[in-house]
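>>> Pasted the sequence and its predicted model underneath.
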Amino acid sequence: MIKKYFEDWNKFELSFLICGLIISITSSIIFSGTIIDTLYTSLYLITALLMSKGKVESYFVGFVSVFFYGIVSYNQGYYGELIITIFLTFPIMIIGIISWLRNQDKEEDTIIINSLSKREIVIVFLSQLLLFWIYYILLKTFNTDLLIISSISVLTSVLASYFEARRSELSLFCYIANDLVIITLWLIPILNGQTELISVLVGPMLLLINDIYGSYNWKRLKSNQKEKGII
């Protein structure tokens, strides 16, 4: 059963999964990370890799990984990340899983990539630019650490989650932007002496590599689906 599941995984994907898990667990041990940190980085890596392959299972693993990330964010005082998890990420994920289940390429066992209109894309980006100030004021009310960076993290995360739910390859580019923001978010306290958070930083660094690969893979999937005439 397990062997059959991995039949459509290429050498890069399998190697990245194995090496990523080893790095996540090893860094947690070396830098005294918690079990929650290890679970977050490991599950998030699996979620992201499944997402880059267009597998609907990414949402099921994602529900668990997002839960652990909420705990990690709360413990660090990054309430912006916690608010994303509770009020934005979970609801969008529910919408996304319905959309992904309804739009499957049965032959390849992947989702059907969606092409969004320019009008929708412009409206989404403009709405988030306006909502940025709401995120900022809300996070300021909760005395969130690194306020500007946390607000940008909310912005990029919402965009990525929305485009993912809409099955658009734009989600990968937004995730890349969000990875860079989150890397900055965790790097600052590490530079200030909280070296135990290195195990948390490993997560978004691995996700950045994965999402760069995912942007390529979604373009490949979309091209193949166009050739088959299903989009």
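Noted; the coordinates are in hand.
>>> Can you give me the distance of residue 151 to residue 66?
Residue 151 is 19 Å from residue 66, where distance means C-beta to C-beta, to the nearest Å. Just so you know, the C-beta spots here come from the backbone N, C-alpha and C atoms, and that holds for glycine as well.
>>> no wait, residue 87
Residue 87 is 12 Å from residue 66, by C-beta to C-beta.
>>> ok, those two, which is more surrounded?
Taking other C-beta atoms under 10 Å, residue 87 and residue 66 do not tie; residue 66 has more neighbours (21 against 11).
>>> per-residue confidence averaged over whichever strand or helix holds the more buried one?
Take DSSP states H and E as the rule and residue 66 turns out to sit in helix 57-76. Taken as a whole, helix 57-76 has an average pLDDT of 85.
>>> What residues sit buried inside that helix?
Under the neighbour-count criterion of 16 or more other C-beta atoms under 10 Å, helix 57-76 has 58-59, 61-62, 65-73, 76 buried.
>>> Adding distance to residue 47, write those out as JSON lines.
Formatted as JSON lines, the buried residues of helix 57-76 follow (distance: C-beta to C-beta, whole Å):
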{"residue": "58", "distance to residue 47": "5"}
{"residue": "59", "distance to residue 47": "8"}
{"residue": "61", "distance to residue 47": "5"}
{"residue": "62", "distance to residue 47": "4"}
{"residue": "65", "distance to residue 47": "5"}
{"residue": "66", "distance to residue 47": "8"}
{"residue": "67", "distance to residue 47": "11"}
{"residue": "68", "distance to residue 47": "11"}
{"residue": "69", "distance to residue 47": "10"}
{"residue": "70", "distance to residue 47": "14"}
{"residue": "71", "distance to residue 47": "16"}
{"residue": "72", "distance to residue 47": "15"}
{"residue": "73", "distance to residue 47": "16"}
{"residue": "76", "distance to residue 47": "20"}
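>>> Just the element for the closest residue to residue 224 other than its chain neighbours, please.
Nearest residue to residue 224 in three dimensions, chain neighbours excluded: residue 108, at 7.5 Å (C-beta to C-beta, 6 or more residues apart in numbering). Assigned by DSSP H and E, residue 108 falls within no helix or strand.
>>> going forward can the numbers begin at 705, since that is how I track them
With 705 as the first residue, the last one maps to residue 812.
>>> Beyond the least confident helix or strand in the chain by mean pLDDT, next helix or strand please.
Counting by mean pLDDT, DSSP states H and E, the chain has its least confident helix or strand at helix 783-787, which shows a mean of 70. Using DSSP H and E, the helix or strand that follows helix 783-787 in sequence is helix 794-806.
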